[in-house]
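Asker: Please work out how this folds:
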Amino acid sequence: MKINCDMGESFGIWKMGSDEQVMPYLDMANIACGMHASDPTVMLNTVRLAKQHQVSVGAHPGYADLQGFGRRQIAMSQDELSALFIYQVGALAAICQGESVSLDYVKPHGALYNTMMKNDEVFITLVEAMSKVAPSLPLVVMAVPNHEKYQALAADYGIQLWFEAFVDRAYDQDGRLVPRTVPGSSYHELNQIRRQARQMIEERSVTTLDGQVIPVHADTLCIHGDGPLALPTAQLLRDLLPPSNPYGGAL
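Answerer: Just a heads-up that it's a prediction; the model follows:
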């Protein structure tokens, strides 16, 4: 099980997150591609930082929503969404190539991530786009109880899935993240995060916001890099999950 974190979400002189401090504890860096956050220079510097610490690089494309940090759903046609997605993956792939770094996976951001897990048309649009421009790369998706459905949809396009769980967010009874508008949806105490991480790692399950225990079979655990607890969360996960594979290794 690997540790991933959303990275490179600064913009110009505006700084988001603690990338320099968090990066050494990660296995995977989900690097923003300029639409929900970041800019070309931030992308370049974040790729270099990942290379320095031998962290695997993934593209983190989202809706074109800088003001809303990509957390607002935007209605788009299939062609519009496909083009936006390909544009972002291609931009980061080119920067990686220039730095002699491999692009190892793709993980959608925010509202786009949540929408693809609820709307099969959006999910299919993304895996079809990947099959055209990045057919060898895995797509990171949420480790929901009915994960077989998504594996079957992705397999139709030859795309491998990696499943992830979230240590700093609350879950509902359907195995999905509680909306951020709901009180208690995000954890602000390290003890809560540690408890959920241990349960996911040791028991392959999670306790929902209403107290139910449901299965979670994840390949990777996510940290939100924009949160104030990103660094201590990364440190505690590194203690629970010592690194085992070299840079770029498969899950």
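
Asker: which residues of the protein fall in strands?
Answerer: Assigned by DSSP state E, the strands in the chain fall at 2-7, 28-32, 56-60, 103-106, 139-142, 161-166, 205-207, 213-215, 220-223.

Asker: Make a markdown table from those strands and add mean neighbour count to it.
Answerer: Placement of C-beta: from N, CA and C, glycine included. Conversion of the strands of the chain to a markdown table gives the following (neighbours: other CB atoms under 10 Å):
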| stretch | mean neighbour count |
| --- | --- |
| strand 2-7 | 27 |
| strand 28-32 | 29 |
| strand 56-60 | 28 |
| strand 103-106 | 23 |
| strand 139-142 | 22 |
| strand 161-166 | 22 |
| strand 205-207 | 17 |
| strand 213-215 | 13 |
| strand 220-223 | 25 |
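
Asker: which one of those lies closest to Thr115?
Answerer: strand 139-142 (11.4 Å; CB to CB).

Asker: Using PDB, list the CA coordinates for the closest one.
Answerer: Extracted in PDB, the C-alpha atoms of strand 139-142 (Å, rounded to 0.1, in the frame of the first residue of the first chain):
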ATOM      1  CA  LEU A 139      -6.100   5.500 -13.400                       C
ATOM      2  CA  VAL A 140      -6.400   6.100  -9.700                       C
ATOM      3  CA  VAL A 141     -10.100   5.900  -8.500                       C
ATOM      4  CA  MET A 142     -11.900   5.600  -5.200                       C
END
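
Asker: State the mean pLDDT of it.
Answerer: For strand 139-142, mean pLDDT rounds to 98.

Asker: how distant is that strand from the center of its chain?
Answerer: When distances are taken as CA atoms, centre = their mean, to the nearest Å, strand 139-142 is centred 7 Å away from the chain's centroid.

Asker: ok, back up a step: so which of the strands of the chain gets nearest Thr233?
Answerer: Thr233 lies closest to strand 220-223 among the strands of the chain, at 5.0 Å (CB to CB).

Asker: pLDDT averaged over that closest one - what is it?
Answerer: What strand 220-223 shows for mean pLDDT is 96.

Asker: Describe which strands that strand pairs with in its sheet and in which direction.
Answerer: strand 2-7 (parallel), strand 161-166 (parallel) (DSSP bridges).

Asker: who's in contact with the last one?
Answerer: To tie it back to what came earlier, the one meant is strand 161-166. The contact list for strand 161-166 (CB atoms under 8 Å, 6 or more residues apart in numbering) reads 4, 105, 107, 138-143, 147, 150-151, 154, 177, 200, 206, 216-222, 224, 251.

Asker: Helices of this structure, residue ranges please.
Answerer: Taking DSSP state H, the helices of the chain run over residues 19-22, 40-52, 78-98, 110-116, 120-133, 147-155, 190-198, 230-240.

Asker: Gly68: which of those is closest?
Answerer: Among those, helix 110-116 comes nearest to Gly68, with 8.1 Å by CB to CB.

Asker: one step back: mind giving me a markdown table with the strands paired with strand 220-223 and columns for distance to Leu49 and mean pLDDT?
Answerer: Shown next, in a markdown table, are the strands paired with strand 220-223 (distance: least, CB to CB, whole Å; pLDDT from 0 to 100):
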| stretch | distance to Leu49 | mean pLDDT |
| --- | --- | --- |
| strand 2-7 | 8 | 97 |
| strand 161-166 | 21 | 97 |
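
Asker: can you put those strands in a markdown table and add distance to Tyr25?
Answerer: Putting those into a markdown table (distance: least, CB to CB, whole Å) gives the following:
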| stretch | distance to Tyr25 |
| --- | --- |
| strand 2-7 | 7 |
| strand 161-166 | 17 |
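
Asker: among the ones you listed, which is nearest Leu92?
Answerer: Evaluated with CB to CB, the strands paired with strand 220-223 place strand 2-7 nearest to Leu92, the distance being 11.5 Å.
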